[in-house]
Every structure is written in C-alpha cells, then in structure tokens.
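> quick one: sequence plus predicted model below, questions after.
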Amino acid sequence: MRLSRWVLASNCVLAAASLAVVPCRVTGQEDFRSLDAGRPLKVTDAYPKKLREWEFQAGLEGAWTEDGRSALGGLFELEAGLFYNFEIGLGLELATEDEDGESRTGLEGVEVGALYNFNQEGWAWPALAVQSGFELPVGGDLARDDWAWGVDVVLTKSFANRMRLHGNGGYVVASRQDGDDYWRGGLAFDAPLGFGSRILLGDVYAEIPVDTGRTRVWAELGARIQVSNVSVFDLGLSTRLDEWEAGAANLRVILGFSRVFGIGAFVPVPACLQPRIS
C-alpha cells in the first residue's frame, strides 16, 4: 500500500512539472476552416479560438494598379482563447508604398480586438458572435491620424457539413482625417476541397461612408491548406470593384500562415486525487 501511494504521488508531481514547464501539445489545427480577418478574406466567421489555445498569424499582401502604383503590407497577430467562447487579439500592420519612384515604409497601425460567441449553430439557426476592435494611431506617414473603433455582428451557418455561409455587418467610428465614420459588411462562403484539409472560400465586402465619399467594394477568392497538425497556409486574390469602375484596375495577392500552440504555465494543473481505502 505504501509503495502504491509513493508511485501515485510521484506520477502527480511529474505530471504537474511537465505541464508547468513544457509547452502544451496541441493535438490538431482544427481551425483550417477559420475565416481570420485579412487571411485571406475580410469576412470572418463566428467561432473564437478554443479555451487556452494560442495562435500566431502572419500575412503578406501585395497590391498593384495600372497607373504604376504598388504597395506591400504585412500583418502580424497573436490571438488567444482566454475564456470559453471568447478570444482576444493584438496585431501589428506594416506597409511599404511606392509612388512616382518614391518608397515609404513604416508602421501602419496597431489593432486590439475581441470576439465573443453567444451560441453554437443549430439545425435552424446560425452561430452568432459579436466582435469589436480598436485601431491606434502610431505616428508616421502611413499611419492613421486618430483612434478608430468598430463593432460587428457575425453569423455562420453550415449546410450538411459541407458549405458554410458567413455574414458580417457593423459600424466604424473614425476621424474625418481618416475617412470619417462608415458602415461595413460582407457575405462569404467556404467549402472543402476533396478529402484533405483544404477549403475554397470567397466573399464580397463593402464599406459605405456615412457622410461623403464613394462606397468601397471588394471581391475576394482564396484557399486555406493545412500543412501539419498545427499549421495552416492561406492564399488569396482580391480586387476593388469600385476602382475598376473608375478606370483604375487593380489586383491584390494575399499570402498567410498561422500556427497554434499552448503555454504550459497558463494551464492549471489539477490537484492529485487522494486514494480512497475501503
């Protein structure tokens, strides 16, 4: 009996030490169907990260127009599922613009956002979430001049475990120097490709100024490909339809990567159960 107690106690100590020191193993990247904003679509889905799951995201976007202008942007983001049905994220946007032979590079913005899922989808109703975020002014030629804040309602509905449809709609409060307030929203789909962890996805997205300016409309098409248990690549094409109408044809190419991981120090170690002797 004493030997059994010592074996049980030593196993508990080893388990606690491994959880506290060694990063948690993530059994699989279940979010290869996620619609993360900007990777590669603007529309997102209604599902947050799982509890205590962390994800690093990196995206690269190149844009070219027929008048000779070009731009290159990068997004680096860290997201975490801190509570059930709730995630937060912090992102950095970098950009390089080339116009008339002059190139400017700098920090374009810092974003802080959160998403809360109110319910899982059912047979007759979609999943519902609300997301909100801030964009901070960071100075520099490419950065915004003032704070901006936005909130969106997000819906996701699956059909026979194949195609999913997503709807986003919200409002952004911004300064007049940064384009003023505007409504925004879009519709998207995603569908699996073959039997592997690959999906095809696309959307139409619009931003409608409240006071002045023309409506900005995007059409986007992309794919997400799972390359390991914890890693996903994504790629996409995007274009501004309103700029085509104005005679300024353009095309954007998006490449991205995400990796999920756990942090052992943030995972509570359950207390060792005391053996019962009858």
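Done, it's in.
> now do the strands in this structure.
54-65, 70-83, 86-99, 102-119, 127-136, 148-159, 163-173, 182-192, 198-209, 216-226, 231-240, 250-261 (DSSP state E).
> so what's the most centrally placed residue in the chain closest to, chain neighbours aside?
Most central in the chain under C-alpha atoms, centre = their mean is Asp36, positioned 2.8 Å from the mean C-alpha point. Distances taken as C-beta to C-beta, 6 or more residues apart in numbering put Gln57 closest to Asp36, at 6.1 Å, once the chain neighbours are dropped. To be clear about C-beta, it is placed using only N, CA and C from the backbone, and glycine gets the same treatment.
> so that neighbour bridges to which residues?
Glu77, Ser258 (DSSP bridges).
> how many neighbours does it have?
23 (other C-beta atoms under 10 Å).
> what's opposite Glu207 in the beta bridge?
Arg184, Arg216.
> any idea how far it is from Phe76?
23 Å (C-beta to C-beta, to the nearest Å).
> now do Tyr116
23 Å.
> looking at those two, which is more packed in?
When Tyr116 and Phe76 are compared for neighbours, Tyr116 comes out ahead with 18 against 13, by other C-beta under 10 Å.
> pretty sure that one sits against Pro48.
Yes - Tyr116 lies in contact with Pro48 (C-beta atoms under 8 Å); the separation is 7.2 Å.
> overlap in contacts, these two.
Listed as contacting both Tyr116 and Pro48 by C-beta atoms under 8 Å, 6 or more residues apart in numbering are 85-86, 129.
> would you list those residues in JSON lines and tack on neighbour count, pLDDT and distance to Gly222?
Formatted as JSON lines, the shared contacts of Tyr116 and Pro48 follow (neighbours: other C-beta atoms under 10 Å; pLDDT from 0 to 100; distance: C-beta to C-beta, whole Å):
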{"residue": "Asn85", "neighbour count": "17", "pLDDT": "94", "distance to Gly222": "26"}
{"residue": "Phe86", "neighbour count": "16", "pLDDT": "96", "distance to Gly222": "27"}
{"residue": "Ala129", "neighbour count": "24", "pLDDT": "97", "distance to Gly222": "21"}
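> before we move on, back to that, is it correct that the residue nearest to the centre of the chain is in contact with Val260?
No - using C-beta under 8 Å as the test, Asp36 is too far from Val260 to be in contact (11.8 Å).
> picking that back up, just curious, which of the shared contacts of Tyr116 and Pro48 is nearest to Gly150?
Ala129 (14.3 Å; C-beta to C-beta).
> so how far is Gln120 from the spatially closest residue to the closest one that is not a sequence neighbour?
Spatially, and ignoring its direct neighbours in sequence, Ala129 is nearest to Ala46 (3.9 Å; C-beta to C-beta, 6+ apart). Ala46 sits 9 Å away from Gln120, going by C-beta to C-beta.
> and Thr215, by the same measure?
34 Å.
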